[in-house]
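A.B. asks: give the three-dimensional model of this entry:
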Amino acid sequence: MNMQQMIQAMNKMQRQYQKDLDALGAKEFSYTANGAVKVTLKGSMEMVSVEFLDKDVIEDPEMLADMIKMAYDGAKAIINEEEDKIQAKYQSMAKGGMPF
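C.D. replies: Okay, the predicted model is just below:
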């Protein structure tokens with residue numbers, strides 16, 4: 001593979017990587033904390049919604065805040081795992097040679 005082909009292959013891989021990240025950013029991820037609060041985020045970490053599945057939690061502001069944080073952190077962890085998978089895919093491609 002000559003230098004020009006390598007550059008083209010790397011550019012193609014970079015475009016595909018960005019496309020995969022953009023798709024992740026548009027996808028929605030939800031996490032429910034203790035069956036009481038459900039938070040939905042986009043892959044870009046933009047909050048889409050907060051749902052109160054157990055209305056009793058609304059009466060305890062401290063517990064409500066904890067449940068929202070727990071649900072947000074859970075959804076964020078799922079997104080981070082997906083992003084790590086995308087990055088690992090392209091890192092292994094770069095180390096092991098490009099399949100294009």
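
A.B. asks: when you work out contacts or count neighbours from here on, use the C-alpha atoms and nothing else.
C.D. replies: Will do.

A.B. asks: contacts only, for the residue nearest the centre of the chain.
C.D. replies: Centroid-nearest residue in the chain, with Cα atoms, centre = their mean: Ile79, separated by 2.2 Å. Contacts of Ile79 were listed using Cα atoms under 8 Å, 6 or more residues apart in numbering, and they are 24, 29, 43, 45.

A.B. asks: try it again at 6 Å.
C.D. replies: Ile79 makes contact with Gly43, according to Cα atoms under 6 Å, 6 or more residues apart in numbering.

A.B. asks: where's it, which helix or strand?
C.D. replies: Using DSSP states H and E, Ile79 falls within helix 61-96.

A.B. asks: which parts of that helix are buried?
C.D. replies: 64, 67-68, 70-72, 74-76, 79, 83, 86, 90 (16 or more other Cα atoms under 10 Å).

A.B. asks: likewise stretch 9-19?
C.D. replies: Neighbour-count burial for stretch 9-19, counted by 16+ other Cα under 10 Å, picks out 9, 13, 17.

A.B. asks: before we move on, what about stretch 45-54?
C.D. replies: Buried residues in stretch 45-54 (16+ other Cα under 10 Å): 45, 47, 50, 52.

A.B. asks: contacts for it?
C.D. replies: So stretch 45-54 is contacted by 36-41 (Cα under 6 Å, 6+ apart).

A.B. asks: what pLDDT, on average, does that stretch get?
C.D. replies: For stretch 45-54, mean pLDDT rounds to 95.

A.B. asks: ends of it, what's the gap?
C.D. replies: End-to-end distance of stretch 45-54: 24 Å, with Cα to Cα, to the nearest Å as the criterion.

A.B. asks: now do that stretch: distance to the chain's middle.
C.D. replies: When distances are taken as Cα atoms, centre = their mean, to the nearest Å, stretch 45-54 is centred 16 Å away from the chain's centroid.
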